[in-house]
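J.: Structure, please.
(chains A, B, C and D)
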Amino acid sequence: MKGKKQKNRHVYWNPYFGGFLLGLLIIATFYLTGRGLGASGAIKSGVVSMVHTVAPTHAENNAYYSKFIKEGESPLNNWLVFEAIGVLLGAFLSGALTGRLKLKVQHSPKISSRRRLIFALAGGLLFGLGAQIARGCTSGAALSGMAVLSVGGFITMIAIFGTGFMVAYFFRKNWI
Amino acid sequence: MGPLIPNGLIPVEWNYVIAILIGMAFGYILEASGFSSSRKLAGVFYGYDFVVLKVFFTSAVVSVIGLYYLDYLNFLDISQLYVQPTYLWAAIIGGMIMGVGFLAGGFCPGTSFCGAAIGKIDAIVFIIGLTIGIFVFAEAFTFLEPLFNSSNLGHITMVDILDISPYWFILIFTIIAIGSFVFSDWVRSKVKKVFY
Amino acid sequence: MKELEKTKRISISAVLFLLIILIGVVTFKKPKYVFEKDTATTLQKIIEKDHFLSLEDFNSIDPAQYILLDVRSNFEYAKGHLKDAINISTHQTFSDSSTKLLKSLKNGDKTIIVYGENPDNADSAWMLLYQLGYENVKILSAETKYTDGKFKIKNYDLEKPSVNYAQVMQKAQSSSGNKNEIKKSTPKKVIPKLKKKKRVAEGGC
Amino acid sequence: MSKRYKTKKFIVKREYQILAFILVFIAAGLVLLPKYKKNEGIMPELFVKNAISSERYISTDQLADKIINQDPSVLLIDMRSEKEFNEFSLPNAINIPLKNLLDDDYIGYIDQDIYDVILFSNDSFYADQAWMLGNRLGFKNLYVLKGGLNEWFNTIINPKYPDETMPREAFKLYDFRKAAGIYFGVGAPKTEKKAAPTKKVITVKKKKKRAAEGGC
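T.: Residues are numbered from 1 along each chain as shown, chains lettered A, B, ... in the order given. So this is what the prediction gives:
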């Protein structure tokens, strides 16, 4: 098995196996903490603490930042931030074990890596915006939401993938 | 009876340790399933790779079944779990914006962490984009607030709105998921292969 | 790039998952007793206060319509009790014999009337039975006492102030002359931590 | 590599068929398993065990002692109606009418682990019922003032002078109650006027704690 991995570093797990383990992980998360997984909340905490450090008065006057600023406690002192650190560590571990660690820009041969990065930035911007409006991203709202049959989770998931299929045509050059 | 930390069965101090461990498992699974590759993720929209759909639905089905079994066997009180509040229009519009963002950027926040961890520059740029997006949202919050707070339906679940036994819903959901797997394999056998 | 087509690992884990669930279900014992009424319903019932039976009403109804349940200790019961009363002191509620008896009474035509030294004493039994799903239970709002070799029962006024508190206090204070200082201080607002509030766990984004 | 996908007839691998069957079987198990009503709160057996123990009662003397010593862990909760509460209540009591016991605004007072919550009403009945509900929901640190305000007035405010034949403890208790009564504003001789009020001012500030508010 190991030798094979060395030869082909792009062999991933069987998706059903990955999904199965992910399902077990979500069960464990809910069982231990009563809450689901999440990702974008960590970045939000980062943004809040950044703005709070740079411009404290602005952060306190802003209706959104002020929700997350507690006296004597850094916004970074948050469950999701620690979880995000864990995600980075875990992904690095997996990448290191299978030899996938490599600094590169992944893109379709039809586009330049400059274009890919611009699109990644724009996509990230939109995703960040959307995740805040919908109160959660794919992992927070959709994945964890679906595990507890939350209506919001299903709606968010359908909205993300429905729109994805609708606009897929316009972005085809980026991917295929 | 779980959940353990809200019920005080595990001291709160362990919360962050558990967070890191759970995060590590999460990152490992995502990366090992191939979620660190944006082209693989985007494949679901073009029919050449359905890993997102498969992983997503498998985990949703397994987790919901597992949680309800735990509830049935009295290990867990499912009513104590956090259910995301549903803000109908915020969820739809936010989801649509995320859909466009997904196609443009090729990642979602969780997977972009994975990509960044193994050195994908596009993933790092995506995270920078996320940061800017959240910043934009916060700055424009007064403008977006009506949408953000509109049509609050509360902490509702599919069981509440469909008025159906959760167990039947899970069974139907499972069958739909399996159907979608078969369908995705069928589509994949028709679509031109893309190698990346 | 492709994913592993091998299904060995997923098959093994799926079978394990199935086995764990099977073992869980097989070894699972349904709890013997569960509360059928939730606390909100019970609270509603308590507020309605129609679960009391005054002594007059008790004397006027036909003995065939009810079953008396004495919740005091066996010792007290032996000294004296109401006619035809059955003794199940509260801590014996789940013993085999009383379970059998109570089951037969559940949702029957007869009203179960619980009594103790006073309604307060009978209350835990009532609360227990009601929450276990017994609709036809009432508390005898009376005080029972064994004095001078006789078992006596008399009416009991529930939650009735023995004196007019405010008046007594005012009188006492004006007699002592330090009215101002001793006035009831305004209740201090304390906000204890809400610890086990449901859904305290926040969600991820 | 791509040869595998070029099969003309689309078939699902046999392993996946079996896996799909297992998944549906597990999900169907949930539907088929016999349902039972889930228990809210603690199990009835434990409920009885707690209910018959007398540990939940606190006597008026103990309470008076706690108040006089300004025990910071005491949280008094008046279970009577608002009207009765406004007429008279114990010092620093909070009013939670019995019917509002489980309201969101109030549940935080009884469901916590910082204070010893002492419930009282005119006699111990309402308080006892509230205690039973709290007990069932698994709340800790709940106590009932034995005998309620009636007992309070009988013992602390209007203590009965013990008979000559009674043991010495009865006299001691009487003295304590008399002194406590003075503290709570009854029949204080004028000379003690100054001493009492200084004691009365309760300076112990309870730390305000707010529920951790999560946000997304």
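
J.: What's the local residue count around C:K160?
T.: 9 (other CB atoms under 10 Å in any protein chain shown). For glycine as for every other residue, the C-beta is placed from the backbone atoms N, C-alpha and C.

J.: ok so it is a strand residue?
T.: No: assigned with DSSP: H, G, I helix; E, B strand; the rest coil, C:K160 falls outside any strand and is coil.

J.: these two touch, right, it and D:N122?
T.: Yes: with contact defined as CB atoms under 8 Å, C:K160 counts as touching D:N122 (6.4 Å).

J.: Name the helix or strand of chain A that has the lowest mean pLDDT.
T.: helix A:2-7 (a mean of 43; mean pLDDT, DSSP states H and E).

J.: and the helix or strand following that helix, is it in reach of chain C?
T.: Downstream of helix A:2-7, the first helix or strand assigned by DSSP states H and E is strand A:11-12. Yes: residues of strand A:11-12 contacting chain C under CB under 8 Å from any CB of the partner chain: A:11-12.

J.: Who are the packing partners of strand A:11-12?
T.: Helices and strands touching strand A:11-12, as assessed by 3 or more CB pairs under 8 Å, 6 or more residues apart in numbering or on different chains; DSSP states H and E, comprise strand C:2-3.

J.: immediately after the strand it packs on, which helix or strand?
T.: Going down the chain from strand C:2-3, the next helix or strand is helix C:8-27, by DSSP H and E.

J.: Give me the buried positions along that following helix.
T.: By neighbour count on 16 or more other CB atoms under 10 Å in any protein chain shown, the buried set for helix C:8-27 is C:10-11, C:13-14, C:17, C:21.

J.: give the contact list for the residue most central in space within chain A.
T.: By CA atoms, centre = their mean, the mean C-alpha position of chain A lies nearest to A:A39, the distance being 4.5 Å. Each residue near A:A39 by CB atoms under 8 Å, 6 or more residues apart in numbering or on different chains is listed here: A:80, A:83-84, A:87, A:137, A:139-140, B:108-110, B:113, C:204-205.

J.: and if we set it to 7 Å?
T.: A:84, A:87, A:137, A:139-140, B:109-110, B:113 (CB atoms under 7 Å, 6 or more residues apart in numbering or on different chains).

J.: out of these, which touch chain D?
T.: By CB under 7 Å from any CB of the partner chain, no member of the contacts of A:A39 lies near chain D.

J.: Would you report which members of the residues you listed are assigned to helices?
T.: Among these, the members found in helices (DSSP state H) are A:84, A:87, B:109-110, B:113.

J.: Quick one: neighbours of C:N164, just the number.
T.: C:N164: 13 neighbours (other CB under 10 Å).

J.: which residue sits closest to B:L147, ignoring its sequence neighbours?
T.: In this structure, B:L147 finds its nearest non-sequential neighbour in B:A90, 5.8 Å apart by CB to CB, 6 or more residues apart in numbering or on different chains.

J.: So that neighbour is in contact with A:A134, correct?
T.: Yes: at 5.8 Å, B:A90 counts as touching A:A134 under the criterion of CB atoms under 7 Å.

J.: of those two, who's got more company?
T.: Legend: neighbour count by other CB under 10 Å for B:A90 and A:A134, higher for A:A134 (32 against 26).

J.: where does that one land on pLDDT?
T.: The confidence metric pLDDT takes the value 86 at A:A134.

J.: re earlier: which element, helix or strand, includes the residue nearest to B:L147?
T.: Using DSSP H and E, B:A90 maps to helix B:88-105.

J.: Tell me the buried residues in that helix?
T.: Buried residues in helix B:88-105 (16+ other CB under 10 Å): B:89-105.

J.: Kindly report the domain assignment for chain B.
T.: B:1-83+B:161-196, B:84-156 (automatic domain parsing).

J.: Check these for me and report the most buried one.
T.: Of these, the one with the most neighbours on average (mean count of other CB atoms under 10 Å in any protein chain shown) is domain B:84-156, at a mean of 23.

J.: gap between the two ends of it?
T.: 8 Å (CA to CA, to the nearest Å).

J.: and what of stretch B:102-112?
T.: 11 Å.

J.: now it, how far from the chain's geometric center?
T.: Centroid displacement of stretch B:102-112 relative to its chain, using CA atoms, centre = their mean, to the nearest Å, is 12 Å.

J.: Over to stretch B:57-73?
T.: Worked out by CA atoms, centre = their mean, stretch B:57-73 lies 15 Å from the chain centre.

J.: Now render the ones in helices among the contacts of A:A39 as CSV, adding pLDDT and distance to B:D160.
T.: Output for the ones in helices among the contacts of A:A39, formatted as CSV (pLDDT from 0 to 100; distance: CB to CB, whole Å):
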residue, pLDDT, distance to B:D160
A:A84, 90, 31
A:V87, 91, 32
B:P109, 86, 28
B:G110, 85, 27
B:F113, 90, 33
